[in-house]
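Asker: My questions concern the predicted model and sequence given below.
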Amino acid sequence: MKLEEYKGIYVFIEQREGIIQNVALELLGQARKLADELNDKVYAMLLGHQITDQAQSLIARGADEVIVVDAPELKEYTTEPYTQAICQIINERKPESLFIGATTLGRDLGPRVSARVGTGLTADCTKIEIGENGEMLMTRPAFGGNLMATIVCKNHRPQMGTVRPGVLFAMDADESRTGAIVNYEVKFNAAKFRVKLLETVKEDNNLIDITEARILVSGGRGIGNKEGFEAMDALANTLNAEVSASRAMVDAGYIGHDRQVGQTGKTVRPDLYFAFGISGAIQHVAGMEDSDLIIAVNKDKHAPIFQVADLGIVGDAKQIIKKLTERLEKQ
Ligand code: FAD
C-alpha cells in the first residue's frame, strides 16, 4: 500500500427517506476544518435513490465535491449494496480518510467496509483533529469511559472512523461556496445481496429524538420508579421538553434505550438539561456536559453531577419536580 496515493477527506452522508441526517452535516463541518488545516479537499458520498437534488446543499455545508450514487439498489439501507458502493469508491478513488456517523446504520456499515478494504476503524470517536506532524488523531472513550484513547492509523489507508452524533459542529450553510457534483456508477454484484427488506415498521409515537430537543428533562435512579417518570412527563409537557434518562433507568426498563444519554446512549447538547436524581457518572456526563445550561437536583450534595451543573439544587427530586410543574402550570 503506497500511502501517498491516498488523498482527500471523505464523509458518508447518511440520509433517511431522502432527509440528510444532522450527523452527516456535523462530519462535513469538521472535515472542512481539517481539510483547511491540511490543504486538502472534502468529498461527500451521497448514496440513495432519487436523492441527487440534495447534492448542492452539501457544497454549501463544506464539501468540495459530492459523489452521488443514485441507484434503486440503494433506496433503503441494507448492508451489502451500501458496502459494495463505498468499497468501489474507496478502491477507485483512494481516500486518505473516511468518516461515517456512529448511528445504528453507521455502526453496521463502517466495520463491514473497513474489513472489506483491509483497513482499521476507530469506532465511536468523540473528537477528530490534526496532530503536530499532520497526522489524523481520532479520540474515543476506552476502558468503560475512564480513559480517552487517541488512535493514529499509521500503516493503512483510508484511515476510517465512526463519529458519535452531536459531538462535532456543522458549519452554517454558505450558498456562495462552489464545488463539483459527480454522478458515480456502481457495478453491483446482486448475487451477494442476502438481505431483502420486506417492510419498514415505524415506531408509533410522536416523540422528538433527544438529540434534537431544545430542553431535556432527564431522570436517574433517584427519581425511583414509574410514578417518578410520570411526574417528569408532566414537567416535560409544561416545558415543551423531551424526557431522557441515565442508563440505570434504561436498564431497569422504565424507558427505551433511544432515550439514554451518555457514552453508550446519545450525546445531547440542548439549551437546557435537567438532571433529576442522576449521580453524574463519567459515562453519563460524557453525553450531556456540552448542554448550554445544566440544572441538577440531587439529595447528595457531594454528587459528581454538581461539578458540571450551572445550577445545583440539593433536595428531593420528586418534590422539586412536583413543585416546578405546579408553578409552571400556573404561569
Ligand atoms: P446512581 O449512580 O445510582 O445515582 C442515583 C443518584 O440519585 C445518586 O446520586 C443519589 O444521591 C440520587 N438520589 C437518590 N434519591 C434521590 C432523591 N429522592 N432525590 C434526588 N436525588 C436522589 N450511564 C449512563 O447514564 N449513560 C451511559 O451511556 C452509560 N454508559 C456506560 C458504559 C459503560 C461501559 C459503563 C461501565 C457504564 C455506563 N453507564 C452509563 C453507567 C454509569 O456508570 C452509571 O452507573 C449510571 O449513569 C448511574 O445512573 P444514575 O445516576 O441514574 O444512578
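Answerer: All right, it came through fine. Numbering: from 1, shown residues only.
Asker: Every contact and neighbour count from this point should use C-alpha atoms.
Answerer: Fine.
Asker: per-residue confidence averaged over the strand or helix carrying residue 216?
Answerer: Using DSSP states H and E, residue 216 maps to strand 215-219. Strand 215-219 shows a mean pLDDT of 98.
Asker: Who does it pair with, and is each partner parallel or antiparallel?
Answerer: Sheet pairing of strand 215-219 (DSSP bridges) gives strand 242-245 (parallel), strand 272-276 (parallel).
Asker: what distance separates it from the middle of the whole chain?
Answerer: How far strand 215-219 lies from its chain's middle: 19 Å, per Cα atoms, centre = their mean, to the nearest Å.
Asker: Is the helix or strand just after it in proximity to the ligand?
Answerer: Downstream of strand 215-219, the next assigned helix or strand under DSSP H and E is helix 226-239. No. On the criterion Cα under 6 Å from any ligand atom, helix 226-239 is out of touch with the ligand, staying 9.7 Å away.
Asker: now helix 226-239, how far from the centre of its chain.
Answerer: Per Cα atoms, centre = their mean, the centroid offset for helix 226-239 relative to its chain is 26 Å.
Asker: what's the answer for stretch 275-286, then?
Answerer: That offset, for stretch 275-286, works out to 19 Å (Cα atoms, centre = their mean).
Asker: Does the longest helix along the chain pack against any helices or strands, and if so which?
Answerer: When the chain is parsed with DSSP state H, its longest helix is helix 22-38. Helix 22-38 is packed against strand 9-13, strand 42-48, strand 97-101, strand 127-130, with contacts defined by 3 or more Cα pairs under 8 Å, 6 or more residues apart in numbering; DSSP states H and E.
Asker: Pairing partners for the next helix or strand after the last one, with directions?
Answerer: Toward the C-terminal end, the helix or strand that comes next after strand 127-130 (DSSP H and E) is strand 136-142. Using DSSP bridges, the strands paired with strand 136-142 are strand 127-130 (antiparallel), strand 147-151 (antiparallel).
Asker: Output those in a markdown table; the columns should cover mean pLDDT and mean neighbour count.
Answerer: Shown next, in a markdown table, are these (pLDDT from 0 to 100; neighbours: other Cα atoms under 10 Å):
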| stretch | mean pLDDT | mean neighbour count |
| --- | --- | --- |
| strand 127-130 | 96 | 18 |
| strand 147-151 | 93 | 15 |
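Asker: Figure out which of these is closest to the ligand.
Answerer: strand 147-151 (11.0 Å; Cα to the nearest ligand atom).
Asker: how far does that closest one sit from the chain's center?
Answerer: Centroid separation for strand 147-151 versus its chain: 18 Å, with Cα atoms, centre = their mean.
Asker: Kindly report the same for stretch 135-151.
Answerer: With Cα atoms, centre = their mean, you get 16 Å for stretch 135-151.
Asker: among the strands paired with strand 215-219, which is nearest residue 15?
Answerer: strand 242-245 (23.6 Å; Cα to Cα).
Asker: Mind listing residues that contact the helix or strand following that closest one?
Answerer: Using DSSP H and E, the next helix or strand after strand 242-245 towards the C-terminus is helix 247-251. Residues from elsewhere that reach helix 247-251, judged by Cα atoms under 8 Å, 6 or more residues apart in numbering: 219-221, 255-257, 259-262, 265, 284.
Asker: could the residues you listed be laid out in a markdown table, adding distance to the ligand, secondary structure and neighbour count?
Answerer: Listed next are those as a markdown table, based on distance: Cα to the nearest ligand atom, whole Å; DSSP: H, G, I helix; E, B strand; the rest coil; neighbours: other Cα atoms under 10 Å:
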| residue | distance to the ligand | secondary structure | neighbour count |
| --- | --- | --- | --- |
| 219 | 7 | strand | 28 |
| 220 | 3 | coil | 24 |
| 221 | 4 | helix | 18 |
| 255 | 12 | coil | 19 |
| 256 | 12 | coil | 14 |
| 257 | 9 | helix | 18 |
| 259 | 10 | helix | 21 |
| 260 | 6 | strand | 27 |
| 261 | 5 | strand | 26 |
| 262 | 3 | coil | 22 |
| 265 | 4 | coil | 20 |
| 284 | 4 | helix | 24 |
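Asker: before we move on, the earlier item: now for the helices and strands packed on helix 22-38, which one comes closest to residue 329?
Answerer: strand 97-101 (39.4 Å).
Asker: where does the stretch 1-150 of the chain come near the ligand, residue by residue?
Answerer: Counting by Cα under 6 Å from any ligand atom, the stretch 1-150 of the chain sits next to the ligand at residue 144.
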